[in-house]
Structure formats: structure tokens, C-alpha cells
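Peer 1: Pasting a predicted model and its sequence here:
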Amino acid sequence: MATKITVNNNGSLRIEGEFEIVDKNGNPYDLGGREAVGICRCGLSANKPFCDGSHKGHFEHDAVAFALPPKK
């Protein structure tokens, strides 16, 4: 399955499929065999970069797709 990233309303980025997440030094996170994870967007998670649900009631974003402007 190709990697799919879903921007959730008022919440995380859900990553599904085949993927690897690495830190700034290139070291991979141990995802424990998961094929889907949530990445924090609100900055409130105690488990960054992963979502722990701390955003509930503290983060609002209506996730609607749009086109980016052309590259400069």
C-alpha cells in the first residue's frame, strides 16, 4: 500500500501504509509494527511527535484540501 497522509479535522496527521519516521539525526522511531500512526499537529502531546489526544478541545482546524501556489 502506498503511503497515505490524512489531515484530520481538529487533530492529528494520520499516516498509513509503508513508511518510516526518523528523528533529526536519521534514527528511526520503533513503531512497534504499526501500519498507521497519528502525528501531533497541536504541540500539546506528551508523546511528541505522536498524537496522544491532548488536542481535544484545544485545537481547531477544518481540514479541507486546497491547491498550493506554484513553486517559485
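Peer 2: Perfect, I can see it now.

Peer 1: Next one: residue 13 from residue 72, what distance?
Peer 2: Taken as CB to CB, to the nearest Å, the spacing of residue 13 relative to residue 72 amounts to 25 Å. In short, each C-beta sits where N, CA and C put it, glycine included.

Peer 1: Which of these two has more residues huddled nearby?
Peer 2: The residue with the greater number of neighbours, taking residue 13 and residue 72 and applying other CB atoms under 10 Å, is residue 13; the counts read 16 against 3.

Peer 1: Residue 36 contacts residue 14, doesn't it?
Peer 2: Yes: contact between residue 36 and residue 14 holds when scored by CB atoms under 8 Å: they sit 6.3 Å apart.

Peer 1: tell me the contacts of residue 58?
Peer 2: Counting by CB atoms under 8 Å, 6 or more residues apart in numbering, residue 58 touches 42, 44.

Peer 1: Can you tell me the SS state at it?
Peer 2: Classification of residue 58 using DSSP: H, G, I helix; E, B strand; the rest coil returns coil.

Peer 1: Please report the distance of it from residue 40.
Peer 2: Distance from residue 58 to residue 40, counting by CB to CB: 12 Å.

Peer 1: what's the distance between stretch 20-31 and the middle of its chain?
Peer 2: Averaged C-alpha coordinates place stretch 20-31 at 14 Å from its chain's average position (CA atoms, centre = their mean, to the nearest Å).

Peer 1: For residue 8, the count of nearby residues, please.
Peer 2: Burial measure for residue 8: 14 neighbouring residues, criterion other CB under 10 Å.

Peer 1: these two touch, right, it and residue 39?
Peer 2: No: look at residue 8 against residue 39 with CB under 8 Å: they stay out of range, at 10.1 Å.

Peer 1: Give me the common contacts of these two.
Peer 2: Counting by CB under 8 Å, 6+ apart, the contacts common to residue 8 and residue 39 are residue 14.

Peer 1: how close does the residue nearest to residue 16 when sequence neighbours are not counted get to residue 44?
Peer 2: In space, residue 16 comes closest to residue 36 once its chain neighbours are excluded; the distance is 4.3 Å by CB to CB, 6 or more residues apart in numbering. Taking CB to CB as the criterion, residue 36 is separated from residue 44 by 21 Å.
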